[in-house]
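Enquirer: 3D, please:
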Amino acid sequence: MSVLPFNRAPLPSELAIYHQHLYASKIAQGKVRPFVVPYHFYGLTLLIAYLSIPHTNRPWLYAARWPVLAAIVIFEVKAAFQTSSIGAAASYIAGLVSGYAIMLSISWLVWYRPQFDAKRIEKRKINVAEKENMAKSTSNGLATAVYSNGNGSLKQRPTTNGHTNGHASGRREDTNRHDESEYVWQPYPDNFRDRLVWAIDLVCNQRGERWNWAIPTLPPLPVRVKRSLGEPISQKEETQNQTAGIRSSIGNVSFPSWKALVRSHVPKIVVGYFVLDLIKTALINDPYFLVGPNSFDLPPHLDRLHWLLLRLYRQSLVFTAITLALEVAFMFQALFMGSLALLPGVSSYLGVRPEVWMYPSQWGSFSQISNKGLNGLWGGWWHQTFRFVFAAPTNYLISNKIIEPRSMAAKFCALFFAFSISGILHACGSMTQLGDTNPWHPFIFFMLQGLGVFLQTVLCTSLRPLISKLPSSVRKTGNVLFTFGWLCLTANWLVDDMARGGLFTFEPIPLSPSRGLGFGPEEPRWFCMNKVDLIWYKGKHWWESGIAERI
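Expert: Reported below is the predicted structural model:
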């Protein structure tokens, strides 16, 4: 922050009061507006509404995507420049929502044609007796899976006779049942209600777990699902033991059952909670994480550290905190959807959404870093939530034969688009933070990551005759050291900006054992979650009104 009313490092409670006054002052002066629901989701709502109207046979309506896109971009840019929030996480998310809405809209309206090409996996009930009759009537062992798109017209796709009843085990639990479920591909529906649900799922599904455009780093579909869909199944898939889950090329795991997922996630959540508590306590004991780079006196345990060790300490805390917070959030999402499947009658309305294969792990294997270095960190080990929008421009250029796949041009475009789009998203998050940030700094950080991948690739290619003679352990160590070193050199572009904006004042956990025992900078307190008061915010116009945090 450029000006702070403190002549010493502020306490977290003092800083919270200062943020409240600063936020109220900006609201009163008309410099910012709060994050309002549903106002700040109008861009995504317009995208969903447009995709819910058929345009495959209406060229004029398909051409209307350009003014629709222009309206979304104008609205979201305006929102990013005008919005902030008293909540550290809410203010950052407000910018991410605007940036992501723009990038996702460009992907679906420019780079892809979802109504023409996209389809998702759904379940439908079938009559067992009818299916047996269909199987008997075929002479080549093939049946036809028929999907009703809601208005009586039918879409057909050849499938094998294999089927499932939709349970995680894929086994029929009651042979006396008159119907069961099978998986089918659902293209763009004809019925409006189905189209709306289809479009919402298309826009809200980031990795495409159930879609034919799923990102390539996801684990393969379970054999039972592929068999029901009529998809080809390799001999390896037929014979491999899937009780331990299915792994993707980068190490993501698709769990075989909800029981296995719970056994994996619950211990990690418990450990992650206590580690997050310790890290958060360490963060608030360092004035850097409260206000950003400053000249305040450091606490004794940090004042004695060499500047390089202090830098590594801070970067390590941030990297661990962000990774843990995201991982715990991802695991909670999976467990929440699994709990919905236990509610009577709910799963029938959610289709395949509560099935365990829809929730593979988010993080890849560490071997991605040791084998591929910086490229493996961002392209394999790190969560791939936004990979679809990162890769969309390059995929468009390749599919339209503008560049050749696996060519140098394709690799350069992949690096440039992925890291520039990531930089834009995080710059939008920086813009909406309450503190004195510089959105160019996170953008520079991510562009430097692309430069680092390029430099490491060039270096390894030019030294390949020498490197190939080295032991595997030495090569892997070199990849890890280069990755670690490059992050240390560049991370402050991102971390400093987050700290200035107040992002690290966010409370990720409700109860803090470490602060309750007196290890925080203030009086001991167990409950530390920021209180959120929601009000009905009245904007200048009715469409600007909605639910927001109390000022």
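
Enquirer: Assumed Ile547 was part of a helix.
Expert: No: membership of Ile547 in a helix is not supported by DSSP: H, G, I helix; E, B strand; the rest coil, which gives strand.

Enquirer: quick one: contacts for it?
Expert: Counting by Cβ atoms under 8 Å, 6 or more residues apart in numbering, Ile547 makes contact with 36-37, 534-537. Quick note: C-beta positions are derived from backbone N, CA and C, even for glycine.

Enquirer: What residues are bridge-paired with it?
Expert: With DSSP bridges applied, Ile547 shows beta-bridge pairing to Val37, Trp536.

Enquirer: distance of it from Lys476?
Expert: Applying Cβ to Cβ, to the nearest Å, the value for Ile547 to Lys476 is 50 Å.

Enquirer: sorry, back to before: ranking by neighbours, what's the top pick from the contacts of Ile547?
Expert: When neighbours are counted by other Cβ atoms under 10 Å, Val36 leads the contacts of Ile547 with 23 neighbours.

Enquirer: and which of the contacts of Ile547 is nearest to Pro287?
Expert: Nearest to Pro287 out of the contacts of Ile547 is Leu534 (Cβ to Cβ; 31.0 Å).

Enquirer: Skipping its backbone neighbours, what lies nearest that closest one in space?
Expert: Ile547 (5.5 Å; Cβ to Cβ, 6 or more residues apart in numbering).

Enquirer: Before we move on, what's the pLDDT of the one you found?
Expert: pLDDT for Ile547: 88.

Enquirer: Dump the contacts of Ile547 to a markdown table, plus distance to Ile369.
Expert: Formatted as a markdown table, the contacts of Ile547 follow (distance: Cβ to Cβ, whole Å):
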| residue | distance to Ile369 |
| --- | --- |
| Val36 | 41 |
| Val37 | 38 |
| Leu534 | 42 |
| Ile535 | 46 |
| Trp536 | 48 |
| Tyr537 | 45 |
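
Enquirer: Widest-spaced pair of these?
Expert: Put simply, by Cβ to Cβ the two of the contacts of Ile547 set farthest apart are Val37 and Ile535, 11.7 Å from each other.

Enquirer: Tell me the residues that contact both of these two, please.
Expert: By Cβ under 8 Å, 6+ apart, the residues touching both Val37 and Ile535 are 547-548.

Enquirer: ok, which stretches of the stretch 201-350 of the chain are strands?
Expert: Ranges of strands in the stretch 201-350 of the chain, per DSSP state E, counting those that start in this stretch, are 246-247, 253-254.

Enquirer: The last one pairs with which strands, parallel or anti?
Expert: Meaning strand 253-254. Strand 253-254 pairs in its sheet with strand 246-247 (antiparallel), by DSSP bridges.

Enquirer: What are the contacting residues of the partner strand?
Expert: The contact list for strand 246-247, computed with Cβ under 8 Å, 6+ apart, reads 219-220, 222, 253-254, 256.

Enquirer: coming back round to it: right, and the strands of the stretch 201-350 of the chain - which one's nearest Lys78?
Expert: Nearest to Lys78, of all the strands of the stretch 201-350 of the chain, is strand 253-254, at 40.6 Å by Cβ to Cβ.

Enquirer: Model confidence at Val328, what's the number?
Expert: For Val328, the model assigns a pLDDT of 92.

Enquirer: Same check on His163?
Expert: At His163, pLDDT is 37.

Enquirer: Check Thr159 too.
Expert: pLDDT, read off for Thr159, is 36.

Enquirer: just checking, Met447 touches Ile421?
Expert: No: between Met447 and Ile421 there is no contact under Cβ atoms under 8 Å: 10.8 Å.

Enquirer: Tell me which of these two has more neighbours.
Expert: Legend: neighbour count by other Cβ under 10 Å for Met447 and Ile421, higher for Ile421 (23 against 18).

Enquirer: Nearest residue to the more buried one in space, please, no chain neighbours.
Expert: Nearest to Ile421 is Phe390, by Cβ to Cβ, 6+ apart, at 5.3 Å.

Enquirer: Let me know the average pLDDT across the host helix or strand of that neighbour.
Expert: Per DSSP states H and E: Phe390 is located in helix 387-399. Mean pLDDT, helix 387-399: 96.

Enquirer: Can you name the element that comes right after it?
Expert: Downstream of helix 387-399, the first helix or strand assigned by DSSP H and E is helix 408-431.

Enquirer: Just the buried positions in that following helix, please.
Expert: Buried residues in helix 408-431, counted by 16 or more other Cβ atoms under 10 Å: 410-411, 413-415, 417-431.

Enquirer: Return the set of buried residues in the helix or strand just after that helix.
Expert: Later in the chain than helix 408-431, the nearest helix or strand by DSSP H and E is helix 440-462. Neighbour counts over helix 440-462 (16+ other Cβ under 10 Å) mark 441-450, 452-454, 456-457, 460 as buried.

Enquirer: Mind listing residues that contact helix 440-462?
Expert: 373-375, 378, 411-412, 415-416, 418-420, 422-424, 426-427, 429-430, 467, 482, 486, 490-491, 493-494, 496-498.

Enquirer: pLDDT weak spots in the protein?
Expert: 1-4, 127-179, 241-244, 345-348, 551 (pLDDT under 70).

Enquirer: how about Ile262, what does it touch?
Expert: Slight slip there: residue 262 is Val, not Ile. Residues in contact with Val262 (Cβ under 8 Å, 6+ apart) are 335, 338.

Enquirer: Repeat that for the one 5 residues further on.
Expert: Contact criterion Cβ under 8 Å, 6+ apart gives no residues in contact with Pro267.

Enquirer: What strand or helix carries the spatially most central residue of the chain?
Expert: Nearest to the mean C-alpha position of the chain, by Cα atoms, centre = their mean, lies Thr385 at 3.0 Å. Counting by DSSP H and E, there is no helix or strand that carries Thr385.

Enquirer: And Ala94, by the same measure?
Expert: Element membership of Ala94, judged by DSSP H and E, is helix 88-106.

Enquirer: What's the first helix or strand after that helix?
Expert: Next along the chain after helix 88-106, taking DSSP H and E as the criterion, comes helix 114-117.

Enquirer: Give the buried residues for that following helix.
Expert: Residues of helix 114-117 classed as buried by neighbour count (16+ other Cβ under 10 Å): 114-115.

Enquirer: same deal with stretch 433-440?
Expert: By neighbour count on 16+ other Cβ under 10 Å, the buried set for stretch 433-440 is 433-435, 437-439.

Enquirer: Then stretch 518-528?
Expert: Neighbour-count burial for stretch 518-528, with 16+ other Cβ under 10 Å as criterion, is recorded at 519-521, 528.

Enquirer: what's it in contact with?
Expert: Contacts of stretch 518-528 (Cβ under 8 Å, 6+ apart): 11-13, 281, 284-285, 507, 509-517.

Enquirer: For the residue nearest to Thr505 when sequence neighbours are not counted, the count of nearby residues, please.
Expert: Leaving aside its sequence neighbours, Thr505 sits nearest to Ala88 (Cβ to Cβ, 6+ apart; 4.9 Å). Neighbour count for Ala88, taken as other Cβ under 10 Å: 22.

Enquirer: Test my guess that Ala88 contacts Ala499.
Expert: No: counting by Cβ under 8 Å, Ala88 does not reach Ala499; the two are 10.8 Å apart.

Enquirer: that older thread, mind listing residues that contact the helix holding Ala94?
Expert: Contacts of helix 88-106 (Cβ under 8 Å, 6+ apart): 35, 40-41, 43-44, 47, 68-69, 72-73, 76-77, 79-80, 83-85, 203, 386, 389, 392, 421, 424-434, 501-506, 549.

Enquirer: and the helix or strand containing Lys78, what does it pack onto?
Expert: If you go by DSSP H and E, Lys78 is part of helix 65-82. Secondary-structure packing of helix 65-82 (3 or more Cβ pairs under 8 Å, 6 or more residues apart in numbering; DSSP states H and E): helix 42-51, helix 88-106, helix 408-431.
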